[in-house]
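Asks: Quick one: sequence plus predicted model below, questions after.
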Amino acid sequence: MTAVLALAACTQQTPAGASPSAAASAAAKRGAGGDLKILYWQAPTILNRHQATGTKDADASRLITEPLASFGKDGLPVANGLAAEIPTAANGGVSADFTTVTWKLRTGVKWSDGTPFTADDVVATFTYQCDEKSAASTIDRCEGVKSVTAKDANTAVVTYKEPQPFYYQWGVGDAGTILQKAQYANCLGAKAKDCAADQKPIGTGPYKVREFKAGDVVTYDLNENFRDPNKPFFKSVTFKGGGDATSAARAAFQTGDVDYAWNLQVEATVLKPMAQQSSTATLTTVYGSSVERILLNFADPNAAGDARGEPTTKHPFFNGPDGLTVRKALAQATDRVTVAKQLYGDGLTGKPGCNIITGVPDYESTATTSFCSTFDPVAAGKLLDDAGWKLGSDNIRAKGGVKLKILYQTTVNAVRQATQAIMKTNWEKAGFSVELKSVPAATFFTNTSPDGANHFWSDVEMFTNNSDPDPTSYLNGWTTKQIAQKSNNWQTGNYNRYSDTTFDGLIDQLRAETDPAKRATIIKQANDNLILNVVIIPIVTRTQVTSGISKTVKGNVPTGWDSEMYNIQDWYK
């Protein structure tokens, strides 16, 4: 993937007006289809990507709002968004010093309310997204961006403070959606967290919201002002939430009640035969950068009052003098191989993983292999014993009056509960006490709930997320500046509350480095910092896309680098 930037600079991009499956869907007519039924067993709760903390919300918003460009299946940007073409060094869109990116926008584009889209909307989105007081969940894409300006109504210029080797950082892909300036004029800064527009945003995408019942269902109608007169094919979309992954799989593969069932995190022994025997849907899997991981909390999740989980506190045993030893013991007692084989089909939907940065061979570290491959709960117990954590009569290790009692939270999901059970068995062999907690996904993936991943008011938590083709912004999510806390409405990416000057320095170096080989080295070093310091424990490298798609639905071109809804305007039957 070090070649991605070079490819982007010299490769012929998807032409303006086209998208990955444009040819296949050329015969489709706008509104000729009926209702497209999409099932996300994690229900969306907000429709503004920049305030979303879960994939469910990001994907539901993508039917409405669009980025300048998307990331296609090869990780390269494709011009199926608001840009007329992909800026490159070859076409003059990227300056020689990699500090300025000039985006030529499509002309004649209208918002769903009929008003014209212009570069002013792009500028307004930058103002909204990159104001720290807005507490945008996508603010990491703003790091190093000096300004976004309107050269004219159809040209937006992104300027970086330093040479930016990954010049598609801002405005592209899942976190790059553009908001309407007029609708969000009164939602800037601190007002962003209570903005009614988040429930019914006006967009330029193929669909518009008819009704949104947060935590349940979104119904969309086609956007009659969408720029392509022949798209979208479907007259409406029902984006249903709720249930669980297994019932979603049944709805796709057995009953055929839905056209698209997302994130089928179902035990492989159940999922594989269900898909193989189906006459209604096809199991579609694509690897990308998704990793199911366990996060360790560096703050105290049980501190009293407003100090709870704040970075001013320290976790009683994951932080402090013995912190690394205890964290290493937990990692050594983690059995990722059994999880991958029994629950993910040993490659069907996931494989054992030792890195948080994956999907790009040039960026994948080998320095973590021996550390991750040593599963030995007995040796983990000895490590603790040697550090003075002695086993009590209750089989829980303790030192200085502190017991190794862990609250382990994740979402309600059969595979995740099975993973929890495997971890609990082995961690307790090492002398930890483990309490399991499962939270409905609609609650877990929010910044508002005390049971949510962002608050992280437990000792460890588990979920999956992923990075862009270039992981700079993703890695930035573990810097000190990105610590999630009350003052930023728990919106930033550092849920662990990890603070390390060495790691922060690596990310600063990464932002400044333009040599691909040197960048790859720094990325590996940053990955190794997180793994070897046991900030996170990777378990399984998962398929980015694991969905059941109706055999009658055409035009879907899955990508491992963007929203699964990135080309929904091209879907048809």
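Replies: Thanks, I have the structure now.
Asks: ranges for the helices of the stretch 201-350 of the chain?
Replies: In order along the chain, the stretch 201-350 of the chain carries the following helices (DSSP state H, counting those that start in this stretch): 245-253, 268-276, 323-332, 336-344.
Asks: for the chain, same thing?
Replies: Secondary structure of the chain (DSSP state H): helices located at 2-10, 55-62, 119-129, 245-253, 268-276, 323-332, 336-344, 369-373, 377-386, 414-429, 441-444, 472-476, 501-512, 516-532.
Asks: Can you tell me how far the residue lying farthest from the centre of the chain is from L179?
Replies: If you look at how far each residue of the chain sits from its centre, by CA atoms, centre = their mean, the farthest one is S393, at 42.9 Å. The spacing between S393 and L179, counted by CB to CB, to the nearest Å, is 59 Å. To be clear about C-beta, it is placed using only N, CA and C from the backbone, and glycine gets the same treatment.
Asks: With T325 instead?
Replies: Using CB to CB, we find T325 at a distance of 47 Å from L179.
Asks: again, but for A379
Replies: 52 Å.
Asks: out of those two, which sits in the more crowded spot?
Replies: Counted by other CB atoms under 10 Å, A379 and L179 do not tie: L179 has more neighbours, with 25 against 14.
Asks: Tell me how many other residues crowd the spatially closest residue to that one that is not a sequence neighbour.
Replies: Spatial nearest neighbour of L179, excluding adjacent residues (CB to CB, 6 or more residues apart in numbering): T125 at 4.8 Å. T125 has 26 neighbours, counted by other CB under 10 Å.
Asks: mind listing the strands for the stretch 151-300 of the chain?
Replies: 155-160, 207-213, 217-222, 234-241, 260-261, 281-296 (DSSP state E, counting those that start in this stretch).
Asks: For the chain, name the helix or strand with the lowest mean pLDDT.
Replies: Least confident helix or strand of the chain, by mean pLDDT, DSSP states H and E, is helix 2-10 with a mean of 37.
Asks: any chance you could map the strands in the stretch 1-150 of the chain?
Replies: 33-40, 70-71, 77-78, 100-104, 145-152.
Asks: any idea how far P352 is from N426?
Replies: Per CB to CB, N426 is found 15 Å from P352.
Asks: Please apply the same query to S112.
Replies: Between S112 and P352 the computed distance is 45 Å (CB to CB).
Asks: Could you do A418 as well?
Replies: In terms of CB to CB, A418 sits 16 Å off from P352.
Asks: per-residue confidence for the residue farthest from the centre of the chain?
Replies: We note a pLDDT of 97 for S393 in this prediction.
Asks: give me phi/psi at it?
Replies: Phi and psi for S393, reported as degrees, to the nearest 10, are phi -70, psi -20.
Asks: got any ranges where this structure has weak pLDDT?
Replies: The chain contains residues with pLDDT under 70 at 1-28.
Asks: So it: which segments form each domain?
Replies: For the chain, automatic domain parsing gives the domain ranges 2-280+551-570, 293-543.
Asks: burial count for the closest residue to K200 other than its chain neighbours?
Replies: With CB to CB, 6+ apart as the criterion, K200 has its nearest non-adjacent residue at 4.8 Å, and that residue is V209. For V209, the neighbour count with other CB under 10 Å is 22.
Asks: likewise D257?
Replies: If you count neighbours by other CB under 10 Å, D257 ends up with 15.
Asks: Verify the stated contact: it with D35.
Replies: No. Applying CB atoms under 8 Å, one finds D257 not in contact with D35, separated by 11.9 Å.
Asks: ok so, going back, adding mean neighbour count and distance to D198, write the helices of the stretch 201-350 of the chain out as TSV.
Replies: Listed next are the helices of the stretch 201-350 of the chain as TSV, based on neighbours: other CB atoms under 10 Å; distance: least, CB to CB, whole Å:
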stretch	mean neighbour count	distance to D198
helix 245-253	23	25
helix 268-276	16	34
helix 323-332	22	37
helix 336-344	21	34
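Asks: right, and the ones you listed - which one's nearest V434?
Replies: Comparison of the helices of the stretch 201-350 of the chain against V434 by CB to CB identifies helix 323-332 as nearest, at 10.0 Å.
Asks: what's in contact with that closest one?
Replies: Residues outside helix 323-332 that contact it (CB atoms under 8 Å, 6 or more residues apart in numbering) are 296, 298, 315, 317-318, 371-372, 374-377, 379-381, 383-384, 387, 389, 404, 427, 430, 432, 460, 533-534, 537.
Asks: now swap in stretch 523-535 and tell me
Replies: Contacts with stretch 523-535, where a contact means CB under 8 Å, 6+ apart, come from 295-296, 298, 324, 327-328, 330-331, 354-357, 363-365, 367-368, 371-372, 471, 475, 478, 496, 498, 500, 502-503, 506-507, 510, 536, 538.
Asks: For PyMOL, what selects the buried ones among the residues you listed?
Replies: The buried residues among the contacts of stretch 523-535 can be selected in PyMOL (16 or more other CB atoms under 10 Å) with this line:
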select buried, resi 295+296+298+327+328+330+331+354+355+356+357+363+364+365+368+372+471+475+478+496+498+500+503+506+507+510+536+538
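Asks: how much space between Y474 and W457?
Replies: Relative to W457, and taking CB to CB, Y474 is found at 24 Å.
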